[in-house]
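S.K.: pasting a predicted model and its sequence here:
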Amino acid sequence: MTNEKKSLIPYFIITAFVLFMMFIGQFIYRSINLPVNLVSDDYYEKELKYQDHIDMVKRSTELNKKIKISYLQQQVIVQIKFPENIKIEKGIVHFYRADDSRLDQKIALKNDKKNTTSISSENLKKGPWIVKLFYQIQSVNYFLEQKIWIK
C-alpha cells in the first residue's frame, strides 16, 4: 500500500476557471440588460439638420455672452436672464440629462417683465444637466447650450 498525497492544484485550477466563467457570465448578463441612452431615437433626422444648427450657433455667439443661465438653490429654480433690450418672440428650454434620456424635459420659454424666465427645478434630478436654449428674435433662430449642476 502506498501512501500518496493527492495534489489540490487541479481543484484550484478548475475552481478558478469556474469562478472566471461565472464572472464573465454575470458581466454579459448585466451589459445586455443595461439601457443604452447615448443615441437619440431620431438621430438621422438630427444629423440632416445639423448644418442649420451650426449656422444658428454662429449667429448666437455674440448674443449668448449677454444671456445668463443660473441655478438658484435657495429658490429651487433655474433662471434664464436676457438683456432688457432683446425681445424674445418664442423659445424652448430643453433640460438634457446625458445619462438618462427619460429625465429630459422641454419647457416653453416665458419671460416676465424683467425679461427673465424662472423654471422650477423641483422635478430635476440632482446632478449634471445640459440646458439647451432655442429662441427666436425677429424670426431668426438662436441657440445657447450651458451646463449646470442641480444640488
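M.R.: Yep, it's here.

S.K.: from now on I want contacts and neighbour counts done on CA atoms only, so please keep to that.
M.R.: Fine.

S.K.: what does the pLDDT read for Phe12?
M.R.: You'll see Phe12 listed with a pLDDT of 95.

S.K.: any low-confidence regions in the chain?
M.R.: 1-3, 36-40 (pLDDT under 70).

S.K.: what ranges does it have for its strands?
M.R.: 68-72, 77-81, 90-96, 105-108, 116-120, 127-137, 140-150 (DSSP state E).

S.K.: would you list these in CSV and tack on mean neighbour count and distance to Val18?
M.R.: Below are the strands of the chain laid out as CSV (neighbours: other C-alpha atoms under 10 Å; distance: least, C-alpha to C-alpha, whole Å):
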stretch, mean neighbour count, distance to Val18
strand 68-72, 17, 51
strand 77-81, 19, 53
strand 90-96, 19, 43
strand 105-108, 14, 46
strand 116-120, 18, 53
strand 127-137, 17, 40
strand 140-150, 16, 44
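
S.K.: tell me the domain ranges of the protein?
M.R.: Listed by automatic domain parsing, the domain ranges of the chain are 7-36, 43-150.

S.K.: pull the contacting residues for the closest residue to Lys81 other than its chain neighbours.
M.R.: Nearest residue to Lys81 in three dimensions, chain neighbours excluded: Thr116, at 4.4 Å (C-alpha to C-alpha, 6 or more residues apart in numbering). By C-alpha atoms under 8 Å, 6 or more residues apart in numbering, the contact list for Thr116 reads Gln79, Ile80, Lys81, Phe82, Lys110.

S.K.: can you rerun that using 7 Å?
M.R.: Gln79, Ile80, Lys81, Phe82 (C-alpha atoms under 7 Å, 6 or more residues apart in numbering).

S.K.: distance between the lengthiest helix in the chain and the chain's centre?
M.R.: As assigned by DSSP state H, the longest helix anywhere in the chain is helix 9-33. When distances are taken as C-alpha atoms, centre = their mean, to the nearest Å, helix 9-33 is centred 34 Å away from the chain's centroid.

S.K.: what do you get for stretch 60-78?
M.R.: 17 Å.
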